[in-house]
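Student: Sequence below, structure please.
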Amino acid sequence: EDADVTRERVPAVMEGLIAYKNHNDGAWVRGGELLLDKCAFVDNGKGLTLASDGTFPSDDGSRQQVWNSVFIGESQNVGTDGGGNKFYGIGGVGKTWRTLPRGRDFPLRGLQIYDGPTQVLNCTFKKYARLDTRMASAIGFRLDNTWQGSPKNNLTRVKFDNVLSRVYYGHPGPWFGTNEKDGDKTSFFHDLDGTVTGFPDAYVTRIDNWITRNPGCVEKPDWNGVICGGKFAQLYVQARNPHTNTMWVRRDEYPDHPLRLHGALVEAHYQQYQPVLMLEKGYTIHWDGMAPAEITIHPINFDRDDWVRLGLCYPRGTQFQIIYQLWQRSPKKFYGDEEVYPAYSVEDIENSVGNTYFFDESTGLLFLKVSARYHRKGDSYCSSMCCERIIIDAFVMSDEVANCTLEAYPKYSTPPTETIPLAPYMAEKESCADCGSQMSIIFDDRQRYADITIVSSGFYEIKKSLPSYIEVNGERITGRRGYLVVAVDVRTGDVTHQRIFDTFAQSRKDEAMAKFIRKEIPLESIVLISVKDESSRRANQCVQALREIGAQQPVKTEYRGSFAMIGYKGLIQPSWIQQINLPPKKGPAEIRTRIPLLK
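Tutor: Below is the predicted model:
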């Protein structure tokens, strides 16, 4: 509709897709801002793969989201032995004979997480069970994968029903290959609310990925995974002259457990490596050959003031020219070349804003602080001020192997610590009864819908210039600080009432909002709520009024948090009532859905 890449993307919504009995993929989705709603993926080898619109640095960054959908590994439709069915054998659920996808030992996966960012909300996973001869999991990853995944992959309000294996990271063998390619080792996702792991705000990665671990992590051997707290982002490291090396990343806290990356590219004139790292930690980078003469480092998925300290291995006597630069993708431009100057110690590096370097001749390590100076918006890889990057031109005087491990450690070893501890385990989160898809998945071409988008940005999201609005059938309504309340007729889909209530500044607005919901909004109304900036300070009576139209505790936001809600004022409680309440700095809270109108 509009090919102007400088304008905001318009999401493409696919609703009601039913994919079943596919030998391989139920659906493989690639592209920017693709949203799947009320879909079913049943009896497929892989239910759904969500892939990014492209890769950094060619693309800006976007998301693929699935919500209100169902994934079933083995349904009651067992099929028959014959006809076009190539594979027939014992299923994992009930141990009954049934048709099987692709092969009797093919690992079944409901959701296959790839590069991302993948977002999963209000989805149900049913009937995934492994056998001794075949792995199966509700959540899995691309097999034999050379491509590193995003630390922004996330799941929330998911439900598991008769699932014996929620997550599996693979093992060497048939279908999985060596299970040692870059993507195999670095696949990553964020369990926002704990409904996957039981630990809210937890991250899950492979059990041997030590550069993202800390002492408080919980191992899950049956997943071949580990659950950790922390804050994570990603480096994009581009190497030239030579570009054929294997890169070794060692964290100063776990130097005996390096991450080995071969790079994602084949037959290119450069190589790229994209490790996910725990922020506010120190790392060293080594090579299995001569040190590259040119290295470009982009901090991607870094928010403002996020940082890591890197030490890159070079032969003694190497000279450097290092530049900090802002790079604009489209149209392609470069801004503000800033020379990075030598410092006198590693401590000087850590106290800088990333504009100095230190070359420790005794170890061969070039130390840099890689940090983000600007805010990042939405799902973009880079900041709102373009992509920040550091370019290292090294005048290497030796062709010796650039591996400084023996010189670096134990000199730069540090005791393992937790920057953000793992939250306490909550069994009720892991077995959330009211999570998952609450909607029947049917198709009726006579059914009319209201297309609803709600975005709520708290104080910190507003500072990053993120929007806060309610959109009904393509018409956007914006507000000011506090609650934006919009009523929609459930029979026509028309907006009937809209008001703004600044419950941060004025107590009378709290009473006014409660009265507006109870007295002025008519029955049979869809009620849409979006909070902007801050709403909690004087919100009391209005919180109770929100509960009367379907809100569930906790309703009141934390100070400067985000809150989006779809409620209903009427004599019934529809299944599409929902809310998202996020703490400060975790927003924006977003709901995108289609609500069936009454006939």
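Student: where are the low-confidence patches of the stretch 401-550 of the chain?
Tutor: Filtered on pLDDT under 70, the stretch 401-550 of the chain yields the residue ranges 440-444.
Student: for it, what spans make up the strands?
Tutor: In the stretch 401-550 of the chain, strands defined by DSSP state E, counting those that start in this stretch lie at 449-456, 469-472, 475-478, 482-489, 495-501, 525-532, listed in chain order.
Student: Could you export those strands as CSV, including distance to Ala589?
Tutor: Every C-beta, even on glycine, is put in place using the N, C-alpha and C of the backbone. As requested, these are arranged in CSV below (distance: least, CB to CB, whole Å):
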stretch, distance to Ala589
strand 449-456, 4
strand 469-472, 12
strand 475-478, 16
strand 482-489, 13
strand 495-501, 17
strand 525-532, 8
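Student: Of these, flag the one that's most buried.
Tutor: Of all these, strand 525-532 carries the top mean neighbour count, a mean of 27, counting by mean count of other CB atoms under 10 Å.
Student: List the neighbouring strands of that strand plus their orientation.
Tutor: With DSSP bridges as the criterion, the sheet partners recorded for strand 525-532 are strand 482-489 (antiparallel), strand 562-569 (antiparallel).
Student: That strand vs strand 495-501, what angle?
Tutor: 30 degrees (axes from the mean of the first three to the mean of the last three CA atoms, to 10 degrees).
Student: Isn't Pro11 up against Leu35?
Tutor: Yes - look at Pro11 against Leu35 with CB atoms under 8 Å: they come within range, at 5.1 Å.
Student: joint contacts of those two?
Tutor: Between them, Pro11 and Leu35 share these contacting residues under CB atoms under 8 Å, 6 or more residues apart in numbering: Arg592.
Student: and those two? which has more neighbours close in?
Tutor: Neighbour totals were compared for Pro11 and Leu35, and Leu35 leads with 19 against 14 (other CB atoms under 10 Å).
Student: export the strand or helix carrying Leu48 as PDB, just CAs?
Tutor: With elements delineated by DSSP states H and E, Leu48 resides in strand 46-51, which encompasses its position. This file holds the C-alpha atoms of strand 46-51, laid out as PDB (Å, rounded to 0.1, in the frame of the first residue of the first chain):
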ATOM      1  CA  LYS A  46       6.400 -28.000  13.000                       C
ATOM      2  CA  GLY A  47       3.300 -26.000  13.800                       C
ATOM      3  CA  LEU A  48       4.500 -22.400  13.200                       C
ATOM      4  CA  THR A  49       7.900 -20.800  12.400                       C
ATOM      5  CA  LEU A  50       8.000 -17.000  12.900                       C
ATOM      6  CA  ALA A  51      11.000 -15.500  11.200                       C
END
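Student: average model confidence for that strand?
Tutor: Summarised as a single mean, pLDDT over strand 46-51 is 92.
Student: Stretch 130-140: end-to-end distance?
Tutor: 13 Å (CA to CA, to the nearest Å).
Student: can you pull the buried residues of that stretch?
Tutor: By 16 or more other CB atoms under 10 Å, the buried positions in stretch 130-140 come out as Arg130, Arg134, Met135, Ala136, Ser137, Ala138, Ile139, Gly140.
Student: swap in stretch 313-326?
Tutor: Cys313, Tyr314, Pro315, Thr318, Phe320, Ile322, Ile323, Tyr324, Gln325, Leu326.
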